[in-house]
Structures are given as structure tokens and as C-alpha cells.
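# Take this sequence and fold it.
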Amino acid sequence: MKKKACKKCRIIVTGDKCPICNGNSFTNNIKGRIHILDPDKSKIAQTLEVHVKGEYAIRIR
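Prediction:
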């Protein structure tokens, strides 16, 4: 199954429903990916406003 990014929270998933916001609006057009391992200690996660561990798209088109 192909990976896609949620348009609202930018997490990359393979299913049909976002595990964070329960949305179903996705895009395949992303630019850059980042893996957040510890969102509480990561300055990048704070900049991206990420609060859940996972793989995120940096930019969504």
C-alpha cells in the first residue's frame, strides 16, 4: 500500500484514516519527510508543532 500524508496534521500513513485527527483528506504530493522519535525533547517537533511520535511530511502541496 502506498504512503500518503494527512493534509491537516501532516503525518504519513498507509491506511484510509488518520490516526491523530481521524481525518480522511490525504495527499501524495509531499516534499521531505522527517521521523520524530521524542516529540517532547525535539526542537524540530516543537517548530513543526508535532506532539505524537511518527513520520511526518515537511511540506505538503
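
# quick one: pLDDT of Glu49?
Here the pLDDT value assigned to Glu49 is 88.

# swap in Ile60?
Ile60 carries a pLDDT value of 91.

# same check, this time on Lys43
So, for Lys43, pLDDT stands at 94.

# Quick check: phi and psi on it?
The phi/psi pair for Lys43 (degrees, to the nearest 10) reads phi -70, psi -30.

# neighbours of it, just the number please.
Using other CB atoms under 10 Å, Lys43 is surrounded by 7 other residues. (Glycine included, C-beta is placed from N, CA and C.)

# so how far is Cys6 from it?
Distance of Lys43 to Cys6, computed by CB to CB, to the nearest Å: 23 Å.

# Dig out what the residue nearest the centre of the chain forms beta bridges with.
Closest to where the C-alpha atoms of the chain average out (CA atoms, centre = their mean) is Ile11, at 1.5 Å. Applying DSSP bridges to Ile11 gives these bridge partners: Tyr56.

# what sits against it?
For Ile11, the contacting residues are 5, 18-20, 52, 54-57, by CB atoms under 8 Å, 6 or more residues apart in numbering.

# One more pass at 7 Å, please.
Going by CB atoms under 7 Å, 6 or more residues apart in numbering, Ile11 touches 5, 18, 20, 54, 56.
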